[in-house]
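Visitor: Got a predicted structure plus its sequence, pasted below:
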Number of protein chains: 2
Amino acid sequence: MSPPASLEVDLVGVTDTSAIFVPDPLTVNGVPGWREKMAQMPTGVAAACSSDMFKSPSCYNKPKAKRFDHLLSLEAKSRQSSTLKGAARFLKNPGLISLGGGLPSPEYFPFEHLDIKVPTPPGFSPEATQKTGEVLRAGKHDIQEGKSLYDLEIAMNYGQATGAAQLLRFVTEHTEVIHNPPYSDWQCSLTAGSTYAWDTALRVLCERGDYIIMEEYTFASAAETAFPQGLKALGVPMDEQGMIPEALDDLLSNWDAKARGARKPYVMYTIPTGQNPTGATQSAERRRAVYKVAQKHDIYIVEDEPYYFLQMQPYGGEGAKPLPPPATHEEFIKSLVPSFLSMDVDGRVLRLESFSKVVAPGTRVGWIVASEEMLERFVRTFEVSSQNPSGISQIVLYKLLDEHWGHSGYLDWLINLRMQYTGRRDSMVHACEKHLPREIAHWVPPAAGMFHWIGIDWRKHPGIASGKTRDQIEEEIFMSAVDKGVLVSRGSWFLADKSVAEDKMFFRATFAAASSEKISEAISRFAESLRAQFGL
Amino acid sequence: MSPPASLEVDLVGVTDTSAIFVPDPLTVNGVPGWREKMAQMPTGVAAACSSDMFKSPSCYNKPKAKRFDHLLSLEAKSRQSSTLKGAARFLKNPGLISLGGGLPSPEYFPFEHLDIKVPTPPGFSPEATQKTGEVLRAGKHDIQEGKSLYDLEIAMNYGQATGAAQLLRFVTEHTEVIHNPPYSDWQCSLTAGSTYAWDTALRVLCERGDYIIMEEYTFASAAETAFPQGLKALGVPMDEQGMIPEALDDLLSNWDAKARGARKPYVMYTIPTGQNPTGATQSAERRRAVYKVAQKHDIYIVEDEPYYFLQMQPYGGEGAKPLPPPATHEEFIKSLVPSFLSMDVDGRVLRLESFSKVVAPGTRVGWIVASEEMLERFVRTFEVSSQNPSGISQIVLYKLLDEHWGHSGYLDWLINLRMQYTGRRDSMVHACEKHLPREIAHWVPPAAGMFHWIGIDWRKHPGIASGKTRDQIEEEIFMSAVDKGVLVSRGSWFLADKSVAEDKMFFRATFAAASSEKISEAISRFAESLRAQFGL
C-alpha cells in the first residue's frame, strides 16, 4: 500500500526523498528527523487531523486491515458524520468570513497563560523536580506569536473528536515506536479515558443479549460497564499467564447458542499485562496462541493496557542483587512483552491506552489504536458524546510530553516508573514471604502492574467442619483483616460471571499506593488475621 | 422535609442554629456566611460528596420531587453501584492501611504546581488581565499544607463521578442562588460536558424506537446524538418565542401510536434561551405554558441551557442610546428569564449546564441538575463511562471561580459577557438593517445566545418559474454566499425531523466569533448574494 494521497501531496517539496521511501520503522531518535520532513501541523481551531499525518512511510509498506463491518452494532452502523462539521470544509476558502459555527471568541476565555512545573530527566522525584524542574508556559496566542504549535486559544476552544493534532502526533509516534502494528491503515484517536473508550467499544460492537469474553477474574468496573447494556460475561479460565487459549477455544468451539440463549461471542476484553486483579502477564507466546484462537473464531480483541509500562524487572527474591535498569531505550523497548497490537496482522485489535497509571488519572485522557474502519466508528460516537478530552488536559500533556520531554524523556520517565514499581513489588513480595502462612497462602510474584494476588486454601479453614461456605469464609477473612487494620479486596468481587460457583479463593493487594513500610505492616496484619482465622 | 440525616449530623456543634433554621434562600452575599456554618469539605482522594452537603436549609422546607421510575430505560434500571467503590466505606477506619484500590501514588504525578493567570474583576478584557490579572497557583500538597481546599494531589488522581466536592459546592450554590428549585431533593453532578450529558440522558430515559420531542429546528448535533440510538424526533412548531405549547399539546393529544409505530413520546429536549439555531427565547409565560403541557402528558423535560447567561440587553435599534448594565447582582438575576428548573414543582426537569459559552469549551466540564432519584441514575452511568470530568479542568475552574472570583466576581464576569454579546448582537442586527433586502429577508433581534436567524421568502425567487425546488434555491443561496466570501448555516441542517417537507427557509448567522467589522462586511456580502439570487 502506498502513502495516502494527502501524504503524497504533503511530501511535495521534500528534497531527500530517499530517506522517506526506503522506509525504516520509526525509532525514538528518528522522530525529530522525520518531523522535519512531515507536513505542517494543522493548528487552527478544531482543525481536522488524523494519524495518517504523522505515521512514517514504513507503515504504508504493509497490507491493509481486514474489514469488520459484520461485527458492528446497529447503533454503530447508523452513525453518520456531523452535518455541521461538514460545512467546515469551506473554511479553507481564502478571505471567507465565517458566521457559521457557534464558536465563542477566545477573547472571552478568562486565561492569559497556564504554567506547569514539571520534572526534567533524569531528576524525576518530587525533590529533584523542586531543584531541576522546569516551568512550562502555555500562552493564549503562542501559535500566532511563533512560540509554540499549541496554545490556550486553541486548547480552550472546541476541538476534534480525535483530539488535537499536537497531542495526536505524539501518541501516534509513540504507538509506532513501541508497537509498530503489522498492517498499514491503523490510526489513533484520543479518548476521554479508557473507561469511556471501553463503554464506547461496547456500544460500537455489541447488541443486548450478547456475551463478551473476559478473563474469569477481571476488572470489576469493566464488567459493570457491560452488564447494564444487557451483556453477559463469558469467563475464560486462567493460569499464571492469564487467559488459557485452549480453554477459550473449547468454550467457543462448543458454544451452544440455544442453551445459552445468545449467539457465539465475538468480542474479547483482556488485560494482557499486569492483569487486574490477578497480576498475571501473558507471555509473547501466550498472546500469539490467544490471537490464533481469535482468528479461528473471528473474535475482535479489546486489549486494555493501562499497566503496559508497569512491567517490572524480573523478581530476584529477597536479598538478591537488584538488576540495573535497561541501559538504553532500545533495550527497554525490547524488554517489553509484545502487545496484541504488535502482532495484529488482521486489524482485529482495539488497543485501549491510558495516561492514568503513567502520568495521572486526573487528566482523563487516553487514546485508542485500531484500524481506520473501526476507529472512524469510534470517532463518530465521540463527536456526539464526549466530543473530545479536556483541552486543558491535552495542552498540559502536550507541553510535558512533547515540548519538554520528547519521546526520549518520556521513555526515561517510564524506565524510572519501572524501577519504582519494581521496588514496590519487591516490598510486597518480601513482606508476603516474611509474614504470610505458607500452609494456606500462595502467590506468584507479579511481573507487571499494581496488584498482588494471594490465593488461600480455604478448604483448610476450621469453619468447614461446622458447615461454613466458601463465601462465608471469604467474608470472615476480609472482615477480620479490616478489624486488624488492613483493607484488601475480595477475589469474588472480580468474578466476571457471577453465576459461576467459585471454587478458589483469592485476595488482591495493591502495592501502588502505600509506602514500603506500610505495605510490610499491612501484610503482617493480614497474616495475623489469616493465622487467627485458620487457627495457625 | 427536614435536612437529610447527614446534614443533621454535620450541624452538630453549630452554635447559631436560628440562622440556619429560619431558612432564607441563599443569596450571593449569603454564601460566605453559610459556608462558615457548614460541615467540613471532604478533601480526600475521590472523596464521596453530594449537593446535600452544600444546599442551604431553605431547600429542605419544600416538598420532595415526584418519582419518575416509570420513565427509566432498561439500561438505567439495571445499573448498580460500583462494587469496588462500595469497599471505600472502610477507609474511614482510623489507622487502616489500604491495599484495596489501585490508585497511583501522587509522587508519580509529574507536576509540582500549576499556575493560571486570570482576570480580576472588573478588569475582564485581555488587556486589563495583563495589568490587573492575578496568578493563581495550585500546588501538589496545598491541602496538607493548609493553603487551599483543593490541590494537584487530589485533582490529578481518580475522582468521584459527581465531580470533586470543591467544584460541586460552587455549582450547587450557584444553582440555588440563580434557580432555587421549588422542590427539596434536587442535586447537581458535574459532567464531562453537556453533549456527553445529553447522550447519557438518552441512555437513561429512552429505548430504541422511541420519539423524542424537540423544537422543529434544533441543534443538529443534539438530534444526531439521538438518531443512532434508534430514536426519532418529533418536531414541535415554533414562533418567535420558540416551541408553541398548544402545538405540543395537539401533537401529544392526537398521538397515534399505531400509525407512528411508537409509544407516545415522554422526553423533551428544549433550548429555552437563545435557542440554537433560531435565537428564540421562551418568555416566563411561555415556559409556564410548556411546563403545564409537560405535566398534562407526563413529559420529562431536558433543558439544555448553554446560552442562559448570554441573555442580552433589550434591543434598542440603531442609534438608540445603549442601556446601562444591571446595577446590582440582584438586578442582574432578576433580569434573567426564569428557567424551567426554577418552576419545576414536580422534579421533571433535567437541566444541562455548560461552561462552554461562559468560560471555555475546552474545559469539557458542565453540570446537571435533577431530582436525587434521576441524578443518581446519571452518576451510576458516569462511573463506568466518563468517570468524571478532567481533574485538571476542575481545579482550574475551582481556582478561578471559587477561590479568585467567588460568586460575586463570577456574576460580574457574566454581566460583562452580557454587555459584550449585546454589542455583538447589535452589530449583527444593525448590519442586517443596513444591508439585507427587506423585500425577501426578515428577522427578529435575538434576546439571547449566539445566533441570528434570517428568514427568506424563497417563493419570490425567480428560479421558481423554471421549476426550481425550495431545496435547490436554499443550496444556491448558500453556495452563492460562499462564493461571495461568507459562510452562513442553512436552516434545513437544523430540521429535527428531516422527513417533514420544509415550507420555510432560514439561514443562521452567528455573531459570537467575528468582529463587528467582519460581521458588517459578511452581512453585506450575504446581502449582495441575496440581491443577485433574487434579481433585486
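Guide: That came in fine, so what should we check first? Numbers count the residues shown, from 1 in each chain, chains lettered A, B, ... in the order given.
Visitor: got the buried residues for stretch A:514-523?
Guide: Under the neighbour-count criterion of 16 or more other C-beta atoms under 10 Å in any protein chain shown, stretch A:514-523 has A:Ala514, A:Ile519, A:Ser520, A:Glu521, A:Ala522, A:Ile523 buried. C-beta coordinates here come from the backbone N, C-alpha and C atoms, glycine included.
Visitor: so, in contact with chain B or not, that stretch?
Guide: Yes. Contact of stretch A:514-523 with chain B (C-beta under 8 Å from any C-beta of the partner chain) involves A:Ala514, A:Lys518, A:Ile519, A:Glu521, A:Ala522, A:Ile523.
Visitor: so which one among those residues has the lowest pLDDT?
Guide: Minimum pLDDT for these is recorded at A:Ala514 (91).
Visitor: Give me the distance between that one and A:Gln394.
Guide: 32 Å (C-beta to C-beta, to the nearest Å).
Visitor: go on, A:Gln229?
Guide: 28 Å.
Visitor: Can you list the low-confidence ranges for the stretch 401-536 of chain A?
Guide: For the stretch 401-536 of chain A, no stretch is flagged by pLDDT under 70.
Visitor: just chain A next, same as before
Guide: Residue ranges of chain A with pLDDT under 70: A:1-22.
Visitor: Which secondary structure state does the spatially most central residue of it sit in?
Guide: Centroid-nearest residue in chain A, with C-alpha atoms, centre = their mean: A:Glu353, separated by 2.7 Å. For A:Glu353, the secondary-structure state derived from DSSP: H, G, I helix; E, B strand; the rest coil is strand.
Visitor: before we move on, what about the one 3 residues further on?
Guide: For A:Ser356, the assignment made with three-state DSSP gives coil.
Visitor: what's it sitting at in phi/psi?
Guide: Here is the backbone geometry of A:Ser356 (degrees, to the nearest 10): phi -60, psi -40.
Visitor: re earlier: so the residue nearest to the centre of chain A touches A:Val359, yeah?
Guide: No. Using C-beta atoms under 8 Å, A:Glu353 is not in contact with A:Val359, being 11.4 Å away.
Visitor: Chain neighbours aside, what residue packs nearest to the residue of the stretch 201-350 of chain A found nearest chain B?
Guide: Among all residues of the stretch 201-350 of chain A, A:Thr225 sits closest to chain B, at 4.0 Å; criterion: C-beta to the nearest C-beta. Leaving aside its chain neighbours, A:Thr225 sits nearest to B:Val384 (4.0 Å; criterion: C-beta to C-beta, 6 or more residues apart in numbering or on different chains).
Visitor: Hmm, A:Tyr196 and that neighbour touching each other?
Guide: No. B:Val384 lies out of contact with A:Tyr196 (C-beta under 8 Å); the separation is 9.1 Å.
Visitor: rewinding a little: would you mind measuring from the residue nearest to the centre of chain A to chain B?
Guide: 16 Å (C-beta to the nearest C-beta, to the nearest Å).
Visitor: which secondary structure element contains the residue lying closest to that residue once chain neighbours are set aside?
Guide: Once flanking residues are discounted, A:Glu353 sits nearest to A:Trp367: 4.7 Å by C-beta to C-beta, 6+ apart. Taking DSSP states H and E as the criterion, A:Trp367 maps to strand A:366-371.
Visitor: buried sites along the helix or strand following that strand?
Guide: The first helix or strand that comes after strand A:366-371 along the chain, using DSSP H and E, is helix A:372-383. For helix A:372-383, burial by neighbour count (16+ other C-beta under 10 Å) applies to A:Glu372, A:Glu373, A:Met374, A:Leu375, A:Glu376, A:Arg377, A:Phe378, A:Val379, A:Arg380, A:Thr381, A:Phe382, A:Glu383.
Visitor: Show me which parts of the helix or strand following helix A:372-383 are buried, residue by residue.
Guide: For helix A:372-383, the succeeding helix or strand toward the C-terminus, using DSSP H and E, is helix A:391-397. The neighbour-count check on helix A:391-397 (16+ other C-beta under 10 Å) flags A:Gly391, A:Ile392, A:Ser393, A:Gln394, A:Ile395, A:Val396, A:Leu397 as buried.
Visitor: filter those by proximity to chain B?
Guide: Within those, those near chain B by C-beta under 8 Å from any C-beta are A:Gly391, A:Ile392, A:Ser393, A:Gln394, A:Val396.
Visitor: got these as CSV, with distance to B:Asn416 columns?
Guide: Below are these laid out as CSV (distance: C-beta to C-beta, whole Å):
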residue, distance to B:Asn416
A:Gly391, 22
A:Ile392, 22
A:Ser393, 27
A:Gln394, 27
A:Val396, 27
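Visitor: any idea which helix or strand carries the nearest residue to A:Pro326 once chain neighbours are set aside?
Guide: Of all residues not flanking A:Pro326 in the chain, A:Phe332 sits nearest, at 3.8 Å (C-beta to C-beta, 6+ apart). Secondary-structure assignment from DSSP H and E places A:Phe332 in helix A:329-335.
Visitor: In contact with A:Ala280, which residues?
Guide: Residues in contact with A:Ala280 (C-beta atoms under 8 Å, 6 or more residues apart in numbering or on different chains) are A:Met238, A:Asp239, A:Glu240, A:Gln241, A:Gly242, A:Gly274, A:Pro446, A:Trp453.
Visitor: can you give me phi and psi for it?
Guide: When read as degrees, to the nearest 10, the backbone of A:Ala280 gives phi -70, psi 140.
Visitor: Spell out which parts of the stretch 301-450 of chain A neighbour chain B.
Guide: Applying C-beta under 8 Å from any C-beta, one finds that the stretch 301-450 of chain A approaches chain B through A:356-357, A:359-365, A:381, A:383-394, A:396, A:400, A:413, A:417, A:420, A:450.
Visitor: give me the beta-bridge partners of the closest residue to A:Ser489 other than its chain neighbours?
Guide: Closest residue to A:Ser489 apart from its sequence neighbours, by C-beta to C-beta, 6+ apart: A:Arg508 at 4.2 Å. The partner list for A:Arg508 in beta bridges (DSSP bridges) reads A:Trp453, A:Ser489.
Visitor: so how many other residues sit close to A:Arg508?
Guide: Using other C-beta atoms under 10 Å in any protein chain shown, the number of residues around A:Arg508 comes to 23.
Visitor: I'm done for today, thanks for sticking with me.
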